[in-house]
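Peer 1: Sharing a model that was predicted from the sequence below.
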Amino acid sequence: MVNLDKYSSIFIANWKLNGNSSFLKDYYEKLKVNSNNCTIICSPSIYLKSLKRNNESLFCGAQDVSSYKEGAYTGELSASMLRDNNIDFCLVGHSERRQYFAETNDNVNIKSSNLIEENIIPVICIGETLEQKENNLTEQILSTQIKDGIPSSANHQNALIAYEPVWAIGTGLTPTLDEINQVHELIKHFDTKFRNFKVLYGGSVKSSNSKEINDLNHVDGCLIGGASLKVDEFNIIIS
Ligand code: PEP
């Protein structure tokens, strides 16, 4: 399993349903990783085997995994298959999966547990919708997502948490810096168990705001969607 304690910050590119072979070739020709940080590229699954890694500061991640370990589940990809292909990280419970594929906290819990068994680090995504934020439900929603979605086998060395307010994903909107820092602190204090967890921020991170967000004392890195598709911009974010 990757030793997360080695890195000053962790940056994850979520390409979502984007990319093709020539995009990938061009991307890796231009990508400049910083060896103090951990950089993880999460591509659509068909490209996972073509991603580059140096096993020092550059790794590959999947965007999802099956809840099932094997069997008659057409179209699925198991945690052991990801391990068999040297995939070290996997996003779990991204808000788009919760929204469009009805993923529940129970699914997130099972997937994360299966990944940990295979020595793959789940990046467990949590976050409130705008409506929940406006109704002052952020703390309650995050607490439930954590309590129900994070398996008992998870610890600060084998799992990551990504706080991604749903209303900030792909919208250009972000919480204030104070809000981000406070929510990250809150997450780390829900239970003593989470005190040392690394918590990444995601939601409209770009080259112009990444430094101020990543410099916050309770933020341990960023999960980047749209801006990770532009390699020159991503290079600035991870530099
Ligand atoms: C994401 O997909 O997790 C994300 C944070 O997207 P964006 O950076 O585009 O808001």
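Peer 2: Ah, there it is.
Peer 1: Model confidence for the nearest residue to Q157 once chain neighbours are set aside, exactly?
Peer 2: Using C-beta to C-beta, 6 or more residues apart in numbering and skipping residues adjacent in sequence, the residue nearest Q157 is L4, 6.2 Å away. Every residue, glycine included, has its C-beta placed from N, CA and C. Residue-level confidence at L4 comes out at 97, pLDDT.
Peer 1: before we move on, what about N55?
Peer 2: Confidence per residue is given as pLDDT, and for N55 that number is 82.
Peer 1: who are the neighbours in contact with the residue nearest to Q157?
Peer 2: For L4, the contacting residues are I10, C38, I121, H156, Q157, L160, K198, by C-beta atoms under 8 Å, 6 or more residues apart in numbering.
Peer 1: Out of those, which end up buried?
Peer 2: Of the members of those, the ones counted as buried by neighbours, 16 or more other C-beta atoms under 10 Å, are I10, C38, I121, H156, L160, K198.
Peer 1: Go ahead and list the helix or strand containing the fourth one.
Peer 2: It stands for H156. Under DSSP states H and E, no helix or strand contains H156.
Peer 1: Dihedrals phi and psi, it?
Peer 2: According to degrees, to the nearest 10, the main-chain angles of H156 amount to phi -70, psi -10.
Peer 1: Now do the nearest residue to it once chain neighbours are set aside: how many residues are near it, please.
Peer 2: Excluding the flanking residues, the one nearest H156 by C-beta to C-beta, 6+ apart is N196, at 4.0 Å. For N196, the count of nearby residues is 12 (other C-beta atoms under 10 Å).
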